[in-house]
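J.: A structural model of the following input is requested.
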Amino acid sequence: MLKFFKSPIFLLLLLSFFILVLVFNFFLSDKDWDSTYWRIASGINHQQVTVADFATTKMNRVLSSPVLVFLPLFLSSFFGGFDFGNFNFSLLMMNVVFYFLTVIFFYLLVQLIYQSSRVALIAAVIFFTNYAMVSFGLNAGADMAGWAFMVMTSYWAVKYFKEPQKTKFYFLAILTASLGMFFKEYAILGMLTLGTLIIFLKERWSKKIIKLSGAGLMFLVIPGLYHLFYYFKFGYTYLAFYDSAARLDNYDLILLIKVLGSLFTIGWFYFLFGLYQEYRNRDPRRTEILLGLLPASLAFFGWPLFTQRVAFVLVPLLAMISGFGLSKIKSNLLIALLLIIYAIPQFFMPEILLMVNL
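T.: Okay, the predicted model is just below:
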């Protein structure tokens, strides 16, 4: 037990818990809670929705994120009954669990890639103090669960890439992503990482194609059956939801600069330093893994609405490369100072975003 309290992962949990307390006490407000899931759950709970409603964007989250509608609805009964506050408190408590899961699995993922607890700890601090994490993750919203399943699936995918003879990691990645699709669509990005890493395996292409096909088919079984059930019952598909979002397409160069700039702020300089250190300390195997993570990290370009919340899928890759760069600094005090300089603006980002009209 004493060994655990001296371990990097204990320090990680302590720091992440400190951020959690900080956010809950000074920055979280029920005025900022997302009412989307509450409205859907309220309509179902009070039987105010018709069968026709389930075939509209009004109820699309019953299709794409059913657990985040029905589980808080169930849990709210343990917190005094169903109302706006109790429903969102239930969702918030679920997100706290996913927050710690995400932090731990991200730490393990970075440690697996770099074989260094020092790099993993620095990268994890950059990761969980990011604006999108503290603002949208530690809130009564849907993103935290999706990010958790994305990171967990990516961890199993990298484990499989490093030990392809252990097929249990292959199946764990598929199962994790498949279950994650009932929480939030981000989970599918872990499958994109698995597929990319399978392509990088030193195997015959025929074997790779079998693995890719098998992964895709197994991944689709559980969520696919649910989507088919929803289509035959209500006549509505996820493509209809995506099409409705595509009509609101708001991409342009200025917005891209604003969103990506505010997404990682001064961290971009850490990232550039990390890329330099990656070049100086080149490791072909690690480069393959980082390239394997790249398609999922850039997948936000495939979504019509461009915000920090959607672009957060890029942050894990930025954070781990930045962490590697900072780990090369010999002074722990300087590293701590740079992490503080990065973290402080994240908590005041709403005011900064108003200044840049975003």
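J.: I'd like the mean pLDDT over stretch 73-82, please.
T.: For stretch 73-82, mean pLDDT is 89.
J.: So what touches that stretch?
T.: By C-beta atoms under 8 Å, 6 or more residues apart in numbering, the residues outside stretch 73-82 that reach it are A41, S42, I44, N45, D83, N86, F87, F89, S90, M93, M94. Every residue, glycine included, has its C-beta placed from N, CA and C.
J.: how long is it from one end to the other?
T.: 7 Å (C-alpha to C-alpha, to the nearest Å).
J.: centre of the chain versus it, how much separation?
T.: On the basis of C-alpha atoms, centre = their mean, to the nearest Å, stretch 73-82 sits 26 Å off its chain's mean C-alpha point.
J.: Quick check: buried residues in that stretch?
T.: Using 16 or more other C-beta atoms under 10 Å as the test for burial, stretch 73-82 gives L73, L75, S76, F82.
J.: got it, and stretch 267-283?
T.: Neighbour counts over stretch 267-283 (16+ other C-beta under 10 Å) mark G267, Y270, F271, F273, G274, Q277, E278 as buried.
J.: hang on, the earlier thing: can you put the buried residues of stretch 73-82 in CSV and add distance to Y342 and secondary structure?
T.: Formatted as CSV, those follow (distance: C-beta to C-beta, whole Å; DSSP: H, G, I helix; E, B strand; the rest coil):
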residue, distance to Y342, secondary structure
L73, 38, helix
L75, 35, helix
S76, 37, helix
F82, 40, coil
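J.: What is the nearest of the residues you listed to F127?
T.: Using C-beta to C-beta, L75 is the member of those that sits closest to F127, with 27.2 Å.
J.: Columns neighbour count and distance to I254 on top of the contacts of stretch 73-82, output as CSV?
T.: What follows is those, written out as CSV (neighbours: other C-beta atoms under 10 Å; distance: C-beta to C-beta, whole Å):
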residue, neighbour count, distance to I254
A41, 26, 37
S42, 17, 38
I44, 17, 40
N45, 15, 43
D83, 14, 41
N86, 18, 41
F87, 25, 37
F89, 19, 38
S90, 22, 39
M93, 15, 39
M94, 20, 36
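J.: Please identify which pair of the residues you listed lies farthest apart.
T.: So, the contacts of stretch 73-82 by C-beta to C-beta: farthest apart are I44 and M93, at 20.3 Å.
J.: Which residues does the host helix or strand of L260 contact?
T.: For L260, the host element (DSSP states H and E) is helix 253-264. The contact list for helix 253-264, computed with C-beta under 8 Å, 6+ apart, reads 130-132, 268, 271, 306-308, 311-312, 314-315, 318, 349, 352-353, 356, 358.
J.: Equivalent analysis for stretch 192-200, please.
T.: 153-154, 156-158, 160-161, 170, 173-174, 177, 208, 211-212, 215-216, 288-289, 291-296, 299.
J.: And those residues, which of them are buried?
T.: Applying 16+ other C-beta under 10 Å to the contacts of stretch 192-200, the neighbour count classes 153-154, 156-158, 160-161, 170, 173-174, 177, 211, 215, 288-289, 292-293, 296, 299 as buried.
J.: and stretch 266-284, what's its mean pLDDT?
T.: The average pLDDT within stretch 266-284 is 97.
J.: One more: stretch 95-103?
T.: Stretch 95-103 comes out with an average pLDDT of 96.
J.: go on, stretch 146-158?
T.: 98.
J.: Contacts for it next, please.
T.: Under C-beta under 8 Å, 6+ apart, the answer for stretch 146-158 is 98-99, 101-102, 105-106, 108-109, 112-113, 133, 137, 169-170, 172-173, 176-177, 179-180, 183-187, 189-191, 193-194, 197, 289, 292-293, 296, 312-313, 316.
J.: Only whichever of those are buried, select them in ChimeraX.
T.: Only the buried entries of the contacts of stretch 146-158 go into this ChimeraX selection, using 16+ other C-beta under 10 Å:
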select :98,99,101,102,105,106,108,109,112,113,133,137,169,170,172,173,176,177,179,180,183,184,185,186,187,189,190,191,193,194,197,289,292,293,296,312,313,316
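J.: re the thing from before, output the buried residues of stretch 73-82 as CSV; include the columns distance to L256.
T.: What follows is the buried residues of stretch 73-82, written out as CSV (distance: C-beta to C-beta, whole Å):
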residue, distance to L256
L73, 37
L75, 39
S76, 39
F82, 41
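J.: Identify the farthest-apart pair in the residues you listed.
T.: Of all pairs in the buried residues of stretch 73-82, the most separated under C-beta to C-beta is L75 and F82 at 9.8 Å.
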